[in-house]
Every structure is written in C-alpha cells, then in structure tokens.
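**Q** my questions concern the predicted model and sequence given below.
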Amino acid sequence: MAIALAVHALEKRYGSVQALKGVDLAVEEGELVGLLGPNGAGKSTLVKIAVGLVRATRGRAEVVGARAGSRAARAELGYLAELFRFPGWYTADEVLELHQRLARSAGGAAERKRLLDVVALSDARDRRVDGMSKGMQQRLGIAQSLVGSPRVLVLDEPTSALDPAGRRVVRVLLEELRAQGASVLLNSHLLSEIELVCDRVAILRAGEVVAAGSPAALSRPRGVELETDEGVRTVEGATRDDAARLVAEAVAAGRRVYGVRVLTSTLEDTYLEAVGDDVS
Amino acid sequence: MSAVLTIVGYGFREAVRRKVFAVVVLLTAVFLVLFWLANHYVFTRLETISPPADVHVDTRTFAGAFLLGLAMFATLFLGVVLAVFLTLGVVTGDAERGLLQPLVVRPVGRTTLLLSRFLGAAGVCIVYVLAVYGIALAIIDVTGHWLPPSKVAPGLELAGGVVIVIALSILGSVVLSSTANGIAVFMLFGAGLTAGLLGTIGHALNSRSIEHASKVAAWALPFEALYQDGLRLISSNASGLTGFLLQLGPFGGAYVHGWGIRFWAIGYLCAALAIALVAFSRRDL
C-alpha cells in the first residue's frame, strides 16, 4: 500500500533539548495512526515537522512523496493545530470560505455547508468565532482542516476541548474518513479514543518510538487467573486457549474451582509500561 | 494573485476590527483641524512674522514652507504609527496567538503570505500618507495661497519612508514579540529623527564630525533621509539656501539627498524584505 505520510530518522533539537531522536513512522493510504506519549515526548514536534511548521534538524518527512513543508505537500494536507485561533470577527462560514480560497478549493457554499453539517455546526453558520464556545471552535477547526478534501489529515489533539458528545461526533467523523480512504495521523492524550478508531498506534517517549503496532497487538494477553479453594493463582503467559486445560488440571488435582479469568492488558497498561513513570 | 488578495483582505479586515483605522483617522482629523487653525492664524497675521535675517525669502514662502515642513513631520509620524500597528505582530504575534499556523500550512506558502501582508500594509499607508499630505497642501493653499515648487515628490518620499518602516516592522515581527517589535521600530524611528536633529546641531555648531554622524545615520535609516529630501524639495527651488532648510524645524537638515539616497532606499527596502522572507522561511512556528 502507498505511503501517505512518512518520517525517516527524524531528529529535532531545540537548543540543548533533543525533542526527537531518530523517529521512523509511516501512515499508509487509508490508514488511521494514533500518536501517544506523555507531555514533552515529542508528539507535537513530530506533527509540526510533518506539516511544515517546524524544520527537522536531521532526517526527512514526506507527505504523499513530497518533502514536508513544500507546496506539493501542503496541497495534500489538512491540519488542525493543537493551539489555534481563528479571527474572532469571522463567522464560521467566513472562516471556511477563507480557507477554501487559500486551499484553492472549488467546493463553494455546498462544501462549507457539508463541513459544518459534519461537525454539527449547521446552526452556527453565521455565528462569529468570538461568540462560540471552545468546543465549537475546535469543531470548526476540524471542519477547516477538511476544506478541499485533503488526502492526508493531521489532527493535533482534536478533542481536547470537546465534551463527550463532541468527542463522539469526531470519532464518527474519523471512522467516516477512514471509510472514504483518507489517511489520518491523530495525536491525542485520550487512549480510549485512539483505541477505538486507530488502525495503528505509536507510543513516543523522550523523542523515541518505544512501542508501535495495532491496538489489538499492543493489548496482548497477560495470563489466566484461577480462583480455587487454595486461593487465587495467576498463570503468567497462559492464553484463552489454555484456560480449559488449566481448569481440568486443577480439578484433576482435587482442587475446587470457583472461577477462571483470562487476563488481557489494555492499551493503557501497555502505554504505562512503555512510558514508565514519565508523567511530565 | 487571488491568494495575495485574500491575505491582503484578511489583514485589512483585521485592522478594521482592531480599530486601528478608527484611532488613526481620529488622530488625523484632530491634527488636520489644528493644522488648519495654525495656518489660518499665521496667514491672517502674516505681517507680524519676519523671517530670520539670513533667510532671503518672502514672508509667505517662509511661513508656508515652515508649516508644510511641520505637516510633513506629523504626516510621517502618523504614517509610521499606522504602519507599525498594522504590522508589528504579523509573524510572532500571530503565531503566539495561534492565528498564523492554520494559514501557513495552506498551499499559499510563507513567501506569499508575508509579501501579501507587506503589500496590504504598504497600500494602506501610501494612500494614507498621500491623502494627509495632500490635505495639508490644500489647507496651506486655501488659507495662505502658497504652494511649494515641488508638490508631488515630497509626498511620495514621505510615503516611501513609511514603506521602509513597514519592511523593518515586518522583519522585526519575524524575530521579536509584538511588544518588543513595536518598541524596536519606534526606537529606530526616534533614532532617525534624532539623527536629523543632530545634523541641525552639527550645522549650528559648525561641527563636521556631528554632520558626518548625521549623514551616516540617514544612510543607515533611509526613511529619515527620504523625509529630509522631501523637506528639501518643498523649499530648495525657492531659496536654494541650506540655512533656510535648517530653519524648517528641529529635524530639517537635508544633508543626504538626491537620487543616490532614493536608489539606496529602494535597495534597502528590498534587502529588508528579502531578509524577512529568508528568516520567516526558517522560523519554527
């Protein structure tokens, strides 16, 4: 499958701080990849290099084969910044119209209406940005990132200001985008969100990828827990397939079995293992 | 071209909403009313004015040139205020507020974005400076029946001076915060005016060293040189006397003038913009 966004041996240094230490990551076409990591892990730096806001110290980043930051790369890209603001005196419709012009989108009023519908802002079409809640502004930001139907979407904390209903709107939207074949790099602190929508996850710590894979692969088996008349015993490394055999062995050994439970680590467990006690 | 117009319109609308134009128009109206009053009283009591003994021009020319020289200083000052407040936060200020990032990642690109902001501010300031200068000329003509020998060129040089300040302010905005940039540009502007004053003092003291320092400063800050050259143009054909020029106000010494400084100003403007574009292209946002 073709690569929509890729970074190779990416390094970034801010003075004495090494924000990225040789990161490799690829987002295939139609794939939704989540970035996880504690604050200061380098996630936003990686995202900013991918969209051309920050220059890499070493390594390279490409969007649909074009150098990140080049005009060709920007033409294929939709981006929602972690910290952004639209001019308060623009209405929602005017913000999208401004970005349509800059993105050279020929979608016109129909595209603006569709995007506002998608992020549940149809009723706020003529409302000024300074009269919107933070959540509404964030949804407008997501709509802005979709102007011109970009092939690659980079979303930096798209749900940080949203309530549960707003998060659901974004989750549904991401699933629709994936169904349409868009490629998405999603940077988020919300593990549940990442686990629900992403095809693959990369966990960054101190500027390095410390774990990567599908949420299912990262949520690996941890063993089988047996509760017998001798107490609770955990058989490390055992899987669901071993459960019946373990029960039979316990019964054969004269034990009374009161319960059996297959233990599976969650993405959260994997994340916490990967980042250790790094909670900066 | 449509991207340029979009960004120009974006900047224009920002200035309208932030009431930059409202404040400048109000200040300008106050200045023009006071200027009209000053002209009215000066020209209705012209017989009470006598030029200094070493200035060999008629009283009307002396008064008209003096008043127009002051109007040019006020026009330059107001134009610089407008220029600075239109541009002081174009890069760092907007980036800190999160306004810039959504625009920069669009295909329009950084070069077009910055040049468009420059063109928008320059267009507004040129129209503003020429309008205020033209109204000041009209007031002098109506109240005093006097016009300088060169009418258009001084206004163009004033506008050119303000455009150079815009380029410096945009360059500053790439590397400095809005507040620091505003302070820096106003200090440069003040330094230029001080250099003009220094030239006048040097002439009065007959000090070649001070005059030389003033010339160097005028070349280093060519908006000041253009202003001085504009002052020279409103009176040189009438008197041809340096002594007369020096009495047009505290900043009136025209030691650097002519086509040399005009070409230098154009080169300076291009260099400031080029440095701003290179710095912006390398700036992490």
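**A** Received it, and whenever you're ready, just let me know what you need. Residues are numbered from 1 along each chain as shown, chains lettered A, B, ... in the order given.

**Q** how about the stretch 151-280 of chain A: which residue is closest to chain B?
**A** A:Val154 (8.6 Å; C-beta to the nearest C-beta). For the C-beta atoms, the positions are set from N, CA and C on the backbone; glycine is no exception.

**Q** can you list the low-confidence ranges for chain B?
**A** Within chain B, the segments meeting pLDDT under 70 span B:54-55, B:236-256.

**Q** switch to 90 and redo it
**A** Applying pLDDT under 90 to chain B flags the ranges B:1-25, B:45-67, B:69-70, B:107-109, B:146-151, B:192-219, B:221, B:224-225, B:227-261.

**Q** could you pull out the helices for the stretch 51-200 of chain A?
**A** Under the criterion DSSP state H, counting those that start in this stretch, the stretch 51-200 of chain A carries helices at the ranges A:71-75, A:92-103, A:108-118, A:134-145, A:164-179, A:191-197.

**Q** same deal with the stretch 1-150 of chain B?
**A** B:2-17, B:20-44, B:59-87, B:92-96, B:101-104, B:109-144.

**Q** packing partners of the longest one?
**A** I take that to be helix B:109-144. Applying 3 or more C-beta pairs under 8 Å, 6 or more residues apart in numbering or on different chains; DSSP states H and E, we find helix B:109-144 packed against helix B:2-17, helix B:20-44, helix B:59-87, helix B:101-104, helix B:152-175, helix B:259-281.

**Q** cutoff 6 Å now
**A** The elements that helix B:109-144 packs onto, with contact taken as 3 or more C-beta pairs under 6 Å, 6 or more residues apart in numbering or on different chains; DSSP states H and E, are helix B:2-17, helix B:20-44, helix B:59-87, helix B:152-175, helix B:259-281.

**Q** ditto for the first one
**A** Judged by 3+ C-beta pairs under 6 Å, 6+ apart, the packing partners of helix B:2-17 are helix B:109-144.

**Q** buried sites along the helix it packs on?
**A** Buried residues in helix B:109-144, counted by 16 or more other C-beta atoms under 10 Å in any protein chain shown: B:109-110, B:112-122, B:124-126, B:128-130, B:132-133, B:135-137, B:139-140, B:143-144.

**Q** same question, stretch B:66-77
**A** B:Phe66, B:Leu67, B:Leu68, B:Gly69, B:Leu70, B:Ala71, B:Met72, B:Phe73, B:Ala74, B:Thr75, B:Leu76.

**Q** likewise stretch A:3-12?
**A** Quick answer for stretch A:3-12 (16+ other C-beta under 10 Å): A:Ala4, A:Leu5, A:Ala6, A:Val7, A:Leu10, A:Glu11, A:Lys12.

**Q** does chain A sit close to stretch B:270-285?
**A** Yes: using C-beta under 6 Å from any C-beta of the partner chain, a contact is recorded between stretch B:270-285 and chain A, made by B:Asp284, B:Leu285.

**Q** show me how far that stretch is from its chain's centre.
**A** 23 Å (C-alpha atoms, centre = their mean, to the nearest Å).

**Q** so what touches it?
**A** A:Leu53, A:Val54, B:Ala95, B:Gln101, B:Arg110, B:Thr111, B:Leu114, B:Ala167, B:Leu168, B:Ile170, B:Leu171, B:Val174 (C-beta atoms under 6 Å, 6 or more residues apart in numbering or on different chains).

**Q** and the stretch 1-150 of chain A, which residues reach chain B?
**A** A:51, A:53-54, A:71, A:74-75, A:79, A:81, A:83-85, A:89, A:101-103.

**Q** for A:Met1, give me the pLDDT.
**A** Confidence at A:Met1, expressed as pLDDT, is 69.

**Q** next: the one 4 residues further on.
**A** Per-residue confidence at A:Leu5 stands at 94 (pLDDT).

**Q** dump the residue contacts of it.
**A** A:Val27, A:Ala50, A:Val63, A:Val152, A:Leu185.

**Q** partners of the helix or strand hosting it, with directions?
**A** Taking DSSP states H and E as the definition, A:Leu5 sits inside strand A:3-14. Partner strands for strand A:3-14, per DSSP bridges, with pairing direction: strand A:17-28 (antiparallel), strand A:58-63 (antiparallel).

**Q** got CSV for those strands, with distance to B:Ser209 and mean neighbour count too?
**A** Below are these laid out as CSV (distance: least, C-beta to C-beta, whole Å; neighbours: other C-beta atoms under 10 Å in any protein chain shown):
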stretch, distance to B:Ser209, mean neighbour count
strand A:17-28, 49, 19
strand A:58-63, 52, 19
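
**Q** show me what the residue lying closest to A:Thr239 once chain neighbours are set aside bridges to in the sheet.
**A** In this structure, A:Thr239 finds its nearest non-sequential neighbour in A:Pro221, 4.8 Å apart by C-beta to C-beta, 6 or more residues apart in numbering or on different chains. Counting by DSSP bridges, A:Pro221 is bridged to A:Thr264.

**Q** go on, the one 4 residues further on?
**A** Listed by DSSP bridges, the beta-bridge partners for A:Glu225 are A:Thr234, A:Arg261.

**Q** try A:Leu25
**A** Here A:Leu25, judged by DSSP bridges, has bridge partners A:Val7.

**Q** surely it is in contact with A:Val7?
**A** Yes: applying C-beta atoms under 6 Å, one finds A:Leu25 in contact with A:Val7, separated by 5.1 Å.
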